[in-house]
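Asker: Here's a sequence, model it:
(chains A, B, C and D)
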2 protein chains.
Amino acid sequence: MNDVTRTLGTRERLVQTTSRLMQRQGYEATGIKQISREAGVALSSVYHFFPSGKQELAVAAVRHADREFADILREALAGESDPGAAMIACTRLLATYLRDSDWLDGCPITATALETSGRVPDIQQAAREAFEHWRSLVADKLRRAGIAEQDVLDLARTAINTLEGAELDAQVSHSEEPLQIAGRHLARLINSYRR
Amino acid sequence: MNDVTRTLGTRERLVQTTSRLMQRQGYEATGIKQISREAGVALSSVYHFFPSGKQELAVAAVRHADREFADILREALAGESDPGAAMIACTRLLATYLRDSDWLDGCPITATALETSGRVPDIQQAAREAFEHWRSLVADKLRRAGIAEQDVLDLARTAINTLEGAELDAQVSHSEEPLQIAGRHLARLINSYRR
DNA sequence: GTCTATACCCCGATAGAC
DNA sequence: GTCTATCGGGGTATAGAC
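Answerer: Numbering: from 1, shown residues only, chains lettered A, B, ... in the order given. Alright, predicted model coming up:
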């Protein structure tokens, strides 16, 4: 039990706990019993709120992580007017989360998405929607900064993907450097498209 | 049983089968029994060759994937003299593997590395070494193409990381487009560093 | 909605004959 | 080195009282 245990409703606690555990361990290694224990919820209650079990709970957790990271990303992007500087701000934020969690808290959905690839369509769909959502936030930022419309979607896609790859590298390397480098390179790439 | 079953020694068959299964399912979802069955090897033989069990086998599988992908990468890079064109050749190759496997065969070690993050140091170490190895191949290519030494290592790092992120996106999206876009952007970024 | 108890299955790992 | 058999535990999921 932690502070989350007391302030939220049972369903919310389950989703949030599942999201955090799957971020760190992935889908298969995260058990329903572990979730119910850490959320301070009876096992039977899990099946009360999510009758079809683990997959349904995982989908809710991925959607939760989608919204949560979107909020973080939106705020980081809004803090800088220049879009290149905004990407660097994003890498700083990701690096901080990683370091402060002893290199455990990377992208909240990547492990789950990869493990269930081709096997659990509902989870795949939720992951697809999350990436699409995050891309759209970067695209908005680029558009408002005056990047030509024909470049916006492609740049946003590479920006999110480079963040994903650099975050994975940082997590495995226990180093903020891959993210710092990615920030500089993304800023340079975006600047090369400015008119 | 498949063709791999007959042409290789028992140990090699185990490692190769494990590598393929963990590429698609990750570490936790891949069971020792499944491995021994698909490799056509008795369960007890797994423990004969890998006395300390699943973790030891997984480390060997990650090292195998390291060497295997390094061979592929080296060949793709050697096929083009221009380093930007070489990166585009890499994205084409990754896209082909993904499409031809129904979007199942992405990076052979990412899922395993993420799932065991902070929990299985031996696997983490093997994954770290693999990424480092792949980066060094790209760095060689950039160096030979005359990129300034102070830019080589950083560019190689972002190149591998962007490939990783774009491959993840392609796998989740069931589309070659993220990789095509990444190839174009990486070529542009590298060209901006040419002297 | 939450409690306790449990069915049923598959996991990693091992034993001992051959 | 490979065979069959099995152990102990934990997995998901369910039943039925309250």
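Asker: What's the first helix or strand after the lowest-mean-pLDDT helix or strand in chain A?
Answerer: Least confident helix or strand of chain A, by mean pLDDT, DSSP states H and E, is helix A:4-7 with a mean of 58. Following the chain from helix A:4-7 toward its C-terminal end, the next helix or strand by DSSP states H and E is helix A:10-25.
Asker: contact partners of that next one?
Answerer: Residues external to helix A:10-25 that are found in contact with it (Cβ atoms under 8 Å, 6 or more residues apart in numbering or on different chains): A:4-5, A:8, A:30, A:34-36, A:38-41, A:45-46, A:49-50, A:57-58, A:60-62, A:64-65, A:68, A:104-109, A:111-112, B:115, B:117-119. C-beta: built from backbone N, CA, C; applies to glycine.
Asker: of these, buried ones?
Answerer: The neighbour count (16 or more other Cβ atoms under 10 Å in any protein chain shown) marks A:30, A:35-36, A:38-39, A:41, A:46, A:49-50, A:57-58, A:60-62, A:64-65, A:104-109, A:111-112, B:115, B:117 as buried among the contacts of helix A:10-25.
Asker: From those residues, pick out the ones that also neighbour DNA strand D.
Answerer: Taking Cβ under 7 Å from any atom of the strand as the test, DNA strand D is in contact with residue A:30 out of the buried ones among the contacts of helix A:10-25.
Asker: Out of the buried ones among the contacts of helix A:10-25, which sit inside helices?
Answerer: Using DSSP state H, the subset of these located in helices is A:35-36, A:38-39, A:46, A:49, A:57-58, A:60-62, A:64-65, A:111-112, B:115.
Asker: what's the most distant pair in those?
Answerer: Longest distance between any two of these is 25.9 Å, between A:49 and B:115; criterion Cβ to Cβ.
Asker: surely residue A:59 meets residue A:122?
Answerer: Yes. Contact status for residue A:59 versus residue A:122: in contact at 5.0 Å, counting by Cβ atoms under 8 Å.
Asker: chain center to stretch A:23-43: distance?
Answerer: In terms of Cα atoms, centre = their mean, to the nearest Å, the centre of stretch A:23-43 is found 19 Å from the chain centre.
Asker: How about that stretch and DNA strand C, touching?
Answerer: Yes. Stretch A:23-43 reaches DNA strand C (Cβ under 7 Å from any atom of the strand) through A:41, A:42, A:43.
Asker: how near is the first one to residue B:135?
Answerer: Read it as residue A:41. For residue A:41, the distance to residue B:135 equals 44 Å [Cβ to Cβ, to the nearest Å].
Asker: now the angle from the helix or strand where residue A:164 lies to helix B:149-173?
Answerer: Per DSSP H and E, residue A:164 falls inside helix A:149-173. With axes from the mean of the first three to the mean of the last three Cα atoms, to 10 degrees as the criterion, the two stretches helix A:149-173 and helix B:149-173 enclose an angle of 100 degrees.
Asker: Report the buried residues of helix A:149-173.
Answerer: Across helix A:149-173, burial judged by 16+ other Cβ under 10 Å covers A:151-173.
Asker: in chain A, which ranges drop under the pLDDT threshold?
Answerer: A:1-7 (pLDDT under 70).
Asker: Quick check, the residue in chain A closest to DNA strand D?
Answerer: Here the residue of chain A nearest DNA strand D is residue A:53; by Cβ to the nearest atom of the strand that distance is 2.5 Å.
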